[in-house]
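Asker: Below is the sequence, then the predicted model.
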Amino acid sequence: MKKNIIYTICYFVMISCNSGITNTKIISDLDSLQFKTSFSDLNDNDLDLSDYKKGKIVINYWATWCAPCIKEMPSIKKAEEILDEYGYTFLLVSDETVSKISSFKKEWNFDFNFLKSSKSFESLGVYAMPTSYIYDENGQLIETIVGAIEWDSKEMIDKLKLF
C-alpha cells in the first residue's frame, strides 16, 4: 500500500515538473532588463533594447556627478571605435533628467548613445557607478563590471574581442 502511494506521488511530481518545462519560454537577460525598465533617448523617444540585439551590447550606468564615470568615458569612446567591427554597441544610461544628460553631453562634448532610464538605478540593482553589463548577440549577460576601468587597454580590448 505504501509502495503504491509513493509511486503515485512520484508520478504526479514528474508530470507536474515536465508540464512546466514544455511551456517555458526562454527569455534573454536583455529582454528581462527591458521588462524591468524602459529607456529613452535624449529627444524623449522611447527606445526598445531589442533594436540593438543584432550585436553585442555594453550598457554603462553612470551619472553626471560621478568623477570615475567621466574619467572612463574617453577610454569607452576609443573602445567603441576599436570594437565597432566586432559588433559592439555602447549605451551610456543615466537615471537623471534628459535635460541634465543633454547639458552634460554639450558641456563635455561626448558623442555617445546616451540614454535615460525610467527607473532609478537602485530599483535595477545598480548600487555603484559606473557599473557596466556586457551582453552577447543573444541578449545573455556575459560580464558585469563594477567600477571604472580602462576600456581601451590591450587586455580589455582582447577580452571583449573574445566574447
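Answerer: Great, that's in hand.
Asker: Can you check what pLDDT the model gives Phe163?
Answerer: Listed pLDDT for Phe163 reads 89.
Asker: What segments of the chain are strands?
Answerer: For the chain, the strands defined by DSSP state E cover 39-40, 46-47, 56-61, 88-94, 113-117, 131-135, 141-146.
Asker: Of those, give the one that comes closest to Ser102.
Answerer: Closest to Ser102 of those, according to C-beta to C-beta: strand 113-117, at 7.9 Å. All C-beta atoms are positioned from the backbone trio N, CA, C, and that covers glycine.
Asker: other SSEs contacting that closest one?
Answerer: strand 39-40, strand 88-94, helix 98-108 (3 or more C-beta pairs under 8 Å, 6 or more residues apart in numbering; DSSP states H and E).
Asker: Could you tell me the least trusted of those?
Answerer: strand 39-40 (a mean of 90).
Asker: could you say what helices and strands it packs with?
Answerer: Against strand 39-40 (3+ C-beta pairs under 8 Å, 6+ apart) you get strand 46-47, strand 113-117.
Asker: hang on, the earlier thing: any chance of the helices and strands packed on strand 113-117 in TSV, plus mean neighbour count and distance to Ala67?
Answerer: Formatted as TSV, these follow (neighbours: other C-beta atoms under 10 Å; distance: least, C-beta to C-beta, whole Å):
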stretch	mean neighbour count	distance to Ala67
strand 39-40	17	24
strand 88-94	21	15
helix 98-108	14	12
